[in-house]
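Enquirer: sequence and computational prediction follow.
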Amino acid sequence: MTILVTGAAGFIGSATCKALLERGERVVGIDNLNAYYDPALKRARLDWIGAPSGLTFEKIDFADRAAMADLGRRHRFNRIIHLGAQAGVRHSLRQPHDYADANLVGHLNLLELARAQEPAHFVYASSSSVYGGNEAMPFSVADRVDHPVSLYAATKRAGELMSESYAHLYRVPMTGLRFFTVYGPWGRPDMAMWLFTEALYKGETIRLFNHGRMRRDFTYIDDIVGGILACLERPPADDGSEKPGGSKAPHALFNIGNHQPEKVATLVAILEEATGRKARTELAAIEPGDVPATFADIAPLQAATGFSPTTPLETGARAFVRWYADYHDLS
């Protein structure tokens, strides 16, 4: 069996590749190694994955239609895990075309590959951002998600709708996973866990948006990868039944989170203890595109796969700090 993983040098993609390889799968990983953040981190993740038998990495931009057609001619994929995307709410305010290229055109190119190759399952990354300003907690896949508050969120919702159309037309089994604030070793430098830890080590000020009242459903990377692999083995049935998310095609939507929202200020306190440093903080207004809180209803995913996150924030944050200090040679 050959599995395609997009975003293979990214945070979630690299961890997924490593887990697949460790269980003996043959993996083709693609990534364009762009400069949204330091490509050196992406290359270091590829080194961390290693090169055991079964790993093939190709530098490909999945928004490039010709490159993707060539990839499809050279490989036959039994399953596809599409984790690559242009991420980041705030960056979408400055560079909107990056999101159209990666999250719309790129997603379509992956759907076309799936249409041509008819894999047993197409699993793709969505985002908790699709819930926009929803006030009902926890967020449920049965909620309406018609009012995104950022272009990033709009493109991720568009990816879900595009996938629904392909599942309906071509009967390719698909699962979309709405990720909730993923963190852990090898994480992204634009996310709070990294930014706060970096500020603590450098003695810089941490800005707490929404005047310190932000709450996030922080989800540890190992729990996320476990959920991805559990979904991969359970494609939705093409039986006309209604799936989580409302589709009667072979297309399911799931939240994948820790089901435990935490105050961002609590994260700061944990990181202070883990680094042995006192934070300098500044309260600030909520930024455009941000939402004040996220909270995942994971009951449908638990029912379908047995998914059960096991990593509390304190344990996961400490693991990140250990990794960060080692990666930056701060010990």
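Expert: Structure's in. What do you need?

Enquirer: might you report the residue contacts of the residue sitting furthest away from the middle of the chain?
Expert: No residue in the chain sits farther from the centre than residue 278, which is 30.4 Å out by C-alpha atoms, centre = their mean. Residues in contact with residue 278 (C-beta atoms under 8 Å, 6 or more residues apart in numbering) are residue 272. The C-beta positions use only the backbone N, C-alpha and C, and glycine is treated the same way.

Enquirer: cool, residue 173 as well?
Expert: Here residue 173 is in contact with 120, 121, 122, 167, 235, 236, 237, 238, 250, 251 (C-beta under 8 Å, 6+ apart).

Enquirer: let's verify residue 252: helix, strand, or coil?
Expert: strand (DSSP: H, G, I helix; E, B strand; the rest coil).

Enquirer: can I assume it is in contact with residue 246?
Expert: No: shown here, residue 252 and residue 246 do not form a contact pair, counting by C-beta atoms under 8 Å, at 9.7 Å.

Enquirer: those two: which has the busier surroundings?
Expert: Using other C-beta atoms under 10 Å as the criterion, residue 252 and residue 246 rank with residue 252 on top: 27 against 12.

Enquirer: pLDDT score assigned to that one?
Expert: If you check residue 252, the pLDDT there is 98.

Enquirer: bridged to it, which residues?
Expert: residue 175 (DSSP bridges).

Enquirer: tell me who's in contact with it.
Expert: Counting by C-beta under 8 Å, 6+ apart, residue 252 touches 174, 175, 176, 236, 243, 244, 245, 300, 304.

Enquirer: for these, work out which two are farthest apart.
Expert: With C-beta to C-beta as the measure, no two of the contacts of residue 252 lie farther apart than 174 and 300, at 15.2 Å.

Enquirer: when those two are compared, which one has more neighbours?
Expert: Set residue 174 next to residue 300 and count neighbours by other C-beta under 10 Å: residue 174 wins out with 29 against 19.

Enquirer: helix, strand, or coil at the closest residue in space to residue 321 that isn't next to it in sequence?
Expert: Distance criterion C-beta to C-beta, 6 or more residues apart in numbering; nearest residue to residue 321, sequence neighbours excluded, is residue 274 at 4.1 Å. Look at residue 274: counting by three-state DSSP, its state is helix.

Enquirer: residue contacts, residue 274?
Expert: The contact partners of residue 274, taken as C-beta under 8 Å, 6+ apart, are 317, 318, 321.

Enquirer: turn these into TSV, columns for neighbour count.
Expert: TSV is the format used below for these (neighbours: other C-beta atoms under 10 Å):
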residue	neighbour count
317	27
318	15
321	23
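
Enquirer: filter those residues down to the ones in helices?
Expert: 317, 318, 321 (DSSP state H).

Enquirer: ok, the residues you listed vs residue 83, which is closest?
Expert: Within those, proximity to residue 83 (C-beta to C-beta) peaks at residue 317, which comes in at 22.8 Å.
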